[in-house]
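Colleague: fold the following and give me the result.
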Amino acid sequence: MPIYEYRCKKCNHIFDIIQKSTAEKKDVVCPECGGKETEKILSPFSSFDGSSCSPSSFS
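Modeller: As a prediction, this is how the structure comes out:
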């Protein structure tokens, strides 16, 4: 299941939720204040292919 990042419109708390892609946004509740007005935000991601990390790259 993917991890989605949300921001609470009531308290501005940003939090992550692991949920099915078919889950509805109305089911998301802020863990800080319990607010139900949240918005999905676009978060940066990174990828690692292993090619740039080798024992010699740490010396």
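
Colleague: report the contact partners of Lys36.
Modeller: Under the criterion of C-beta atoms under 8 Å, 6 or more residues apart in numbering, the contact partners of Lys36 comprise 26, 28-30. Where C-beta positions appear, they are placed from N, C-alpha and C, glycine not excepted.

Colleague: on the pLDDT front, check it for me.
Modeller: Reading off the confidence values, Lys36 has pLDDT 93.

Colleague: how about Lys25?
Modeller: The predicted local confidence for Lys25 comes out at a pLDDT of 67.

Colleague: go on, Ser21?
Modeller: In this prediction, Ser21 carries a pLDDT score of 72.

Colleague: can you get me a residue count around it?
Modeller: One way to gauge burial is a neighbour count; for Ser21, by other C-beta atoms under 10 Å, it gives 7.

Colleague: that one in helix, strand or coil?
Modeller: Ser21 carries the three-state label coil when classified by DSSP: H, G, I helix; E, B strand; the rest coil.

Colleague: run through this structure and note the low-pLDDT ranges.
Modeller: Judged against pLDDT under 70, the low-scoring parts of the chain cover residues 23-25, 43-59.

Colleague: thinking again about what came up before, ChimeraX command to pick out the buried ones of the contacts of Lys36?
Modeller: Selecting the buried subset of the contacts of Lys36 in ChimeraX, with 16 or more other C-beta atoms under 10 Å as the burial test, is done by:
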select :28,29,30
